[in-house]
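**Student:** predicted coordinates and the sequence they were generated for:
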Amino acid sequence: MSKMHVKFTLNGQDVEGLAEPRTLLIHFLRETLNVTGPHIGCETSHCGACTVDMDGKSVKSCTVFVGQADGRQITTVEGLTNADGSLGVIQEMFREHHGLQCGFCTPGMITRAHRLLQENPNPTEEEVRFGIAGNLCRCTGYQNIVKAILASAEQLNAMKEAAE
């Protein structure tokens, strides 16, 4: 099968490569670009471990062909760190509030939380639970994940107010 050329912006950097048209974005990220934050879980879109942000929307990268990412803006959990490489607010709140155990779901959960808080900067607990419903965690019971996201919202809102 012939390969296609793809080019997109990944975490603020232009990237490109060759891939078969049937290659899924998750495989291109991990195997071609060595971006291993998004995890391969179920490969059926049920678990959310592969969640990335594409042009301002949460997508499960196991359901996107790499050709569909051509020309797009993609953000993975790696792109949510601060410019100096330190943990971003959501990542730090997950650490501080113990929003992880085994860590397998964490990159997708954090990436989804980022988009959720972009869409709704001040969510209720119920809205957070609904907003992350497409991302499964088998360890935590979600309580600390929800606490981490609510704490992230509070922190981000305080930072926004301080900047104004």
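**Tutor:** Yep, that arrived.

**Student:** just so I have it, where are all the helices in this structure?
**Tutor:** Listed in chain order, the helices of the chain (DSSP state H) span 25-27, 89-96, 106-119, 125-131, 143-163.

**Student:** possible to save these as TSV with distance to residue 1, mean pLDDT and mean neighbour count?
**Tutor:** For the C-beta atoms, the positions are set from N, CA and C on the backbone; glycine is no exception. Shown next, in TSV, are the helices of the chain (distance: least, CB to CB, whole Å; pLDDT from 0 to 100; neighbours: other CB atoms under 10 Å):
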stretch	distance to residue 1	mean pLDDT	mean neighbour count
helix 25-27	14	98	23
helix 89-96	38	98	20
helix 106-119	29	98	23
helix 125-131	38	98	15
helix 143-163	40	97	17
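
**Student:** closest one to residue 51 among these?
**Tutor:** helix 106-119 (3.7 Å; CB to CB).

**Student:** I'd like the distance between residue 41 and residue 105.
**Tutor:** Distance of residue 41 to residue 105, given as CB to CB, to the nearest Å: 8 Å.

**Student:** of all the helices of the chain, which lies closest to residue 62?
**Tutor:** Among those, helix 25-27 sits nearest to residue 62 (CB to CB), with 4.8 Å.

**Student:** for the closest one, packing partners?
**Tutor:** Under the contact definition 3 or more CB pairs under 8 Å, 6 or more residues apart in numbering; DSSP states H and E, helix 25-27 sits against no other helix or strand.

**Student:** chain center to it, what's the gap?
**Tutor:** The chain centroid and the centroid of helix 25-27 are separated by 13 Å, computed with CA atoms, centre = their mean, to the nearest Å.

**Student:** then stretch 102-118?
**Tutor:** Its chain's C-alpha centre and that of stretch 102-118 lie 5 Å apart, by CA atoms, centre = their mean.

**Student:** that's all I had, so thanks and see you.
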